[in-house]
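Structure, please.
(one chain, ligands or ions: 4)
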Amino acid sequence: VSRSKGLRGTESQREPRIPSQFSQEQRIAMKEALKGAIQIPTVSFSPKELNTTALAEFGEYIHKVFPTVFHTSFIRHEVVGNYSHLFTIKGSDPSMQPYMLLAHIDVVPAPDKGWDVPPFSGLERDGFIYGRGTLDNKNSLMAILQALELLLIRNYIPRRSFFIALGHDEEISGINGAQKISALLQARGVQLAFVVDEGSFILDGFIPYLKKPFAMVSVSEKGAINLMLQVNTTTGHSSAPPKETSIGILAAAVSRLEQTPMPNMFGSGPLMTAVEQLANEFPFPTNIVLNNLWLFRPLVSRLMERNYVTNSLVRTTTALTMFNAGVKVNVIPPVAEAIINFRLHPAQTVQEVLKLAKDIVADDRVQFHVLDAFDPLPISPSDDQALGYQLLRQTIHSVFPEVNIVAPGTCIGNTDSRHYLNLTTGIYRFNPIYLQPQDFSSIHGINEKISVQAYETQVKFIFEFIQNGDTDVEPVPHLHEL
Ligand SMILES: CC/C=C\C/C=C\C/C=C\C/C=C\C/C=C\C/C=C\CCC(=O)O
Ligand SMILES: N[C@@H](Cc1ccccc1)C(=O)O
Ligand SMILES: [Zn+2]
Ligand SMILES: [Zn+2]
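Ligands and ions are numbered 1, 2, ... in the order given. Model prediction:
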């Protein structure tokens, strides 16, 4: 099997390839650099509270650990929105369309409770570096700059230009970081061949009966709605209560929403392609079932609902995340408020989900206030012509030869990449890291960690990916082997 099918011309690069081998000293330096990044508590607490001291310190830190990146004549560095960073790496061939690598500096909060080591210590234990941001997303950020630094000190000059955009407020929407970088590039007339961001992994153990890990490259991303429900009633003395209070009415409404899941949308979106590609990886009889979805679609769609991760791929999810009411023990509460966080399946829109939610609540006393909302992201191409997808595929096969399947998927979280729709139609979300269900729980949870070996492999992946990006011909169609 030709590992580079779909891409032609990779062998005919003019410059010799720089092998992705690093000295013992470089390997120690790279893990120490990651630990230092974890120790800077760049926490986004809420849209108004972010640790700006730490964000500023982070800017100084990357100057210190990646000096060559900042002292190379063909690299321009700009600070955007006070704490975000944009690097423009000018390639030698201006006819090649540039691409962009993304990562974010900020992390979600991490109270010490429950962690084996303090979350901002960056301590190494049993071959793992622990801490908030080791998977989301300082690993990517540091690996991108580290790979570039290592390429530069070996005198690498890219042919294809590229950008590196490091946002500082991804966890609270990206509007001061990614969105400003995107606007800046748009004003400069930049169009990108593709963008690569966080948001998916080499998945290991997420699907029952599927023994081998597979790489999921997310080509879409769920939409989101933060919906506030509010009930106002007349207040008064609790000694003579009305039949229903604002709390009772609202509690019943949110309970109906939780008890009535949004429709199962299995059968539309990128998931079908993934299932087709994975079918033969399953043992009998699952392989037969997955190869005959014309017959077994209802069965498979029900099986997907059984686990909360696969469930999130087949429907718009409904999460009750906040509830506030009551002012005093003996006062009838005048107002009760709840917030529901919906994550929208790629085949639904904000309007459709709001309509469904209204029908489920079915109570005019409950007011709907949409706090913020956006539709699911368009599906990026994953065919033989899709340069970004094919470069990822090629690099995955060369760095992880044991991974047989690279399949398109949907990112269940939201990423900064959604702010770059104006610059490209090719948005891919993929981190070259093995992820198991327990690792997934550590993201935004406790004991987030990365193995030293996985981090080194991530650096190697980007080191190879950047060089693969210099391929001078666009992808060509290929005939599928039988
Ligand atoms: C048949 C194909 C089926 C299945 C795949 C099964 C499960 C995998 C799905 C999702 C789990 C993997 C990745 C999600 C991880 C992180 C969230 C994404 C973005 C993070 C954004 C952020 O919070 O900064
Ligand atoms: N990335 C985070 C925060 C976020 C939510 C919604 C929009 C933008 C960012 C998430 O998916 O939960
Ligand atoms: Zn996150
Ligand atoms: Zn993230």
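
Please count neighbours and contacts with C-alpha atoms only from this point.
Fine.

Contacts only, for the residue of the stretch 101-250 of the chain found nearest ligand 1.
Checking the stretch 101-250 of the chain residue by residue against ligand 1 with Cα to the nearest ligand atom singles out G199 as nearest, at 3.9 Å. By Cα atoms under 8 Å, 6 or more residues apart in numbering, the contact list for G199 reads S218, C411, I412, G413, N414, T415, R429, F430, N431.

what would those look like in a markdown table with secondary structure, distance to ligand 1 and neighbour count?
Output for those, formatted as a markdown table (DSSP: H, G, I helix; E, B strand; the rest coil; distance: Cα to the nearest ligand atom, whole Å; neighbours: other Cα atoms under 10 Å):
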| residue | secondary structure | distance to ligand 1 | neighbour count |
| --- | --- | --- | --- |
| S218 | strand | 9 | 28 |
| C411 | strand | 6 | 28 |
| I412 | coil | 6 | 24 |
| G413 | coil | 4 | 14 |
| N414 | coil | 5 | 20 |
| T415 | coil | 5 | 22 |
| R429 | strand | 8 | 25 |
| F430 | coil | 9 | 22 |
| N431 | coil | 9 | 25 |
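
Dump those residues into JSON lines; add pLDDT as well.
Shown next, in JSON lines, are the contacts of G199 (pLDDT from 0 to 100):
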{"residue": "S218", "pLDDT": "98"}
{"residue": "C411", "pLDDT": "97"}
{"residue": "I412", "pLDDT": "96"}
{"residue": "G413", "pLDDT": "96"}
{"residue": "N414", "pLDDT": "97"}
{"residue": "T415", "pLDDT": "98"}
{"residue": "R429", "pLDDT": "98"}
{"residue": "F430", "pLDDT": "98"}
{"residue": "N431", "pLDDT": "98"}
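
Does V329 belong to a helix, a strand or coil?
coil (DSSP: H, G, I helix; E, B strand; the rest coil).

Distance check, it against G236.
Noted for V329: a distance of 12 Å to G236, by Cα to Cα, to the nearest Å.

What ranges does the stretch 51-200 of the chain have for its strands?
Applying DSSP state E, counting those that start in this stretch to the stretch 51-200 of the chain gives strands spanning 75-80, 84-89, 99-104, 124-125, 128-130, 162-167, 195-197.

what ranges do the helices span in the stretch 251-400 of the chain?
Counting by DSSP state H, counting those that start in this stretch, the stretch 251-400 of the chain has helices at residues 271-278, 286-291, 293-304, 308-314, 350-361, 387-399.

Which stretch among these is buried most, on average?
Counting by mean count of other Cα atoms under 10 Å, helix 387-399 has the highest mean neighbour count of the helices of the stretch 251-400 of the chain, with a mean of 22.

can you list the weak-confidence ranges in the stretch 1-150 of the chain?
Along the stretch 1-150 of the chain, segments meeting pLDDT under 70 span 1-6, 8-14.

one step back: which of V329 and G236 has more neighbours?
Under the criterion of other Cα atoms under 10 Å, the comparison of V329 against G236 puts G236 first, with 14 against 8.

In contact with the more buried one, which residues?
V331, I332, P333.

Could you verify my assumption that V80 touches A183?
No: applying Cα atoms under 8 Å, one finds V80 not in contact with A183, separated by 10.6 Å.

between those two, which one's more packed in?
V80 (20 against 16).

Close to ligand 1: what parts of the stretch 151-300 of the chain are there?
Proximity of the stretch 151-300 of the chain to ligand 1 (Cα under 6 Å from any ligand atom) is limited to residues E171, G199, S200, F206, L271, A274, V275.

Give me the local confidence score for the closest residue to the fifth one other than its chain neighbours.
Spatial nearest neighbour of L271, excluding adjacent residues (Cα to Cα, 6 or more residues apart in numbering): G409 at 5.8 Å. With respect to pLDDT, G409 has a value of 95.

Having no further points to raise, I will conclude here.
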